[in-house]
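> curious how this folds, go ahead:
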Amino acid sequence: MNIYLVGGAVRDQYLNLPVKDRDWVVVGARPQQLLDLGYKQVGADFPVFLHPQTHEEYALARTERKSGHGYSGFNVHFDPDVTLEDDLARRDLTINAMAQAENGELFDPYQGLQDLEQKKLRHVTEAFREDPLRVLRVARFAARYDHLGFTVADETLQLMHSMVTSGELAYLTPERVWTELSKALTEATPSTFFNILRQCGALKVVFPELDRLFGVPQPMRWHPEIDTGIHVLKALDTARKQTNQVATLFASLCHDLGKGLTPSAHWPSHRGHESLGADLIPGLAKKYRWPKQVADLTEKVARYHTHCHRIDELKPSTIVKLLGDLNAFRQPETVENFVLACQADARGRSGFEQTDYPQGDVLKACLEACIDVTAQPFIDDGLTGKAIGEAMNSARVQAVANIVRPSTPPRG
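As a prediction, this is how the structure comes out:
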């Protein structure tokens, strides 16, 4: 029995990056041998064990053969005769197909170290095409290492394209797609994930509502980058520099989905795109199984981002209503996430990357003023029921007016 460190831990060591998780492969062993040593078996489809002290994962060397569609249609074979090279052959990228023996010796049958040095993301063998989820995984690795200069090898991109055209991606479940997408959002350069999916045609399959934004023009006065698709990816990268909250990042990406639905005869104008995009979100959330928190914030940002941009033009009563619609009086943290997404939209434009966004501070100040309004004084005055809510709303409008219109009375 021989044990090897494999996968990301080996890769990240050579990239001088922190090693977060360590996975091991066991060659020449049977399940009972590990059980006798105190390992706990956790794998249902193939033997994966947890080390009795470290609780790290140890998997028996195995091979896989395609037996159906999607990412789950595999026959798995494991026994002591499966070699280390056999096991590494089933992995996705060469940089993930390296193993390190306990004495530190590197086993690299597929030239992963060479691809690390050349900064290439390259598939290991043709077996890559058997798992459609790998198309998304390669795009995610590209997003992770783009800032280091990594690119996807041409032959791998061509293979990904052929997998898309074969229709295999249609067998991916929404949950698995969301898992990869949500991870990609928090990578160093998330826009690269979507750009790679576009290059191989996968974005049109897994997220057509986003794909159709590319080529849709916007007014050059406000959007020098013109293309809506380019803009939303710039907004996403801008948001990523400020947060790793998936809901905020996804809302930044999807804030202009409505521009893919506006009449092309009116382009580059997109009147009403806010409600068009927001009304689209609940159906997409159900179809693609987005988490509720993500869907809620995405819908609110799509509907109200231009409200935040022009907050100095809004009536105090409209601002109070906006805060109510954001559920800000019960969940004040929503405003911080909302503002971050709106700021990313404003800065996600060519030439506007460093622009100030005082609108966000104004909205947050309005929220603080409204939170200071409580029900007790009105109860003490003898108000009851609906009258308390009406009095609180009027007080909030006045409090907001003192911030946005300090020298004039509130307008409604």
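
> helix or strand next in line after the worst-scoring helix or strand of the chain on mean pLDDT, which one?
Least confident element among the helices and strands of the chain, by mean pLDDT, DSSP states H and E: strand 74-77 (a mean of 70). As assigned by DSSP states H and E, the chain's next helix or strand after strand 74-77 is helix 84-89.

> pull out the buried residues from that next one.
Within helix 84-89, the residues scored as buried using 16 or more other CB atoms under 10 Å are 84, 87-89. Quick note: C-beta positions are derived from backbone N, CA and C, even for glycine.

> mind checking how far it is from the chain centre?
31 Å (CA atoms, centre = their mean, to the nearest Å).

> could you do stretch 290-307 as well?
14 Å.

> average pLDDT for stretch 301-315?
Across stretch 301-315, the average pLDDT comes to 97.

> can you give me the strands for this protein?
Ranges of strands in the chain, per DSSP state E, are 2-6, 23-27, 40-41, 48-50, 57-60, 63-66, 74-77, 99-101, 106-107, 120-121, 151-152.

> and the closest residue to Phe49 other than its chain neighbours, how far from Leu169?
Nearest residue to Phe49 in three dimensions, chain neighbours excluded: Tyr39, at 3.8 Å (CB to CB, 6 or more residues apart in numbering). According to CB to CB, to the nearest Å, Tyr39 and Leu169 sit 36 Å apart.

> have a look at those two and say which one is more surrounded.
Leu169 (23 against 18; other CB atoms under 10 Å).

> was I right to think the more buried one contacts Ala202?
Yes. Using CB atoms under 8 Å, Leu169 is in contact with Ala202, at 6.0 Å.

> between the two, which contacts overlap?
Common contact partners of Leu169 and Ala202 (CB atoms under 8 Å, 6 or more residues apart in numbering): Val135.

> re the thing from before, could you tell me the least trusted of the strands of the chain?
Looking at these, the bottom one is strand 74-77 with a mean of 70.

> how far does stretch 320-335 stretch from start to finish?
12 Å (CA to CA, to the nearest Å).

> remind me which residues of the stretch 1-150 of the chain are low pLDDT?
Screening the stretch 1-150 of the chain residue by residue with the criterion pLDDT under 70, one finds the ranges 44-45, 66-75.

> re the thing from before, could you identify which of the strands of the chain is most buried?
strand 120-121 (a mean of 22; mean count of other CB atoms under 10 Å).

> which residues sit against that one?
93-95, 115, 138, 141-142, 145, 150-153, 156.

> sheet-wise, list the partners of that strand with their directions.
strand 151-152 (parallel) (DSSP bridges).

> tell me how far the strand it pairs with is from the chain's mean position?
With CA atoms, centre = their mean, you get 20 Å for strand 151-152.

> hang on, the earlier thing: just among the contacts of strand 120-121, which is most surrounded?
That'd be Ile95 among those, by other CB under 10 Å, with 30 neighbours.

> what's the distance between that one and Thr83?
For Ile95 relative to Thr83 (CB to CB), the value is 20 Å.

> Ala184 too?
Taking CB to CB, one finds Ala184 at 33 Å from Thr83.

> what's the answer for Ala202, then?
The value you get for Ala202 to Thr83, if CB to CB is used, is 33 Å.

> compare these two (neighbour count), which wins?
Ala202 (25 against 14).

> check contacts around that one.
Counted by CB under 8 Å, 6+ apart, Ala202 has contacts 135-136, 139, 160, 164, 169.

> quick one: the helices in the stretch 201-350 of the chain, in order.
Per DSSP state H, counting those that start in this stretch, the stretch 201-350 of the chain carries helices over the ranges 203-206, 208-211, 228-240, 246-254, 273-288, 292-309, 316-325, 333-347.

> pull the distance from the last one to the chain's centre.
Its chain's C-alpha centre lies 16 Å from the corresponding centre of helix 333-347 when counted by CA atoms, centre = their mean.

> which strands and helices lie in contact with that helix?
Other helices and strands packing on helix 333-347, by 3 or more CB pairs under 8 Å, 6 or more residues apart in numbering; DSSP states H and E, are helix 228-240, helix 246-254, helix 292-309, helix 358-371.

> need those helices in JSON lines (columns: distance to Val48 and mean neighbour count).
Formatted as JSON lines, the helices and strands packed on helix 333-347 follow (distance: least, CB to CB, whole Å; neighbours: other CB atoms under 10 Å):
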{"stretch": "helix 228-240", "distance to Val48": "33", "mean neighbour count": "24"}
{"stretch": "helix 246-254", "distance to Val48": "27", "mean neighbour count": "27"}
{"stretch": "helix 292-309", "distance to Val48": "30", "mean neighbour count": "21"}
{"stretch": "helix 358-371", "distance to Val48": "46", "mean neighbour count": "18"}
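
> which among the ones you listed is found nearest to Leu280?
Nearest of the helices and strands packed on helix 333-347 to Leu280, taken as CB to CB: helix 292-309 at 7.8 Å.

> any idea of the angle that closest one forms with helix 228-240?
100 degrees (axes from the mean of the first three to the mean of the last three CA atoms, to 10 degrees).

> quick one: helix 292-309 to helix 316-325, angle?
Angle of helix 292-309 versus helix 316-325, following the same axes, to 10 degrees, is 170 degrees.

> can you offset everything so residue one is 7?
Will do, 7 is the new start, and the previous item becomes helix 298-315.
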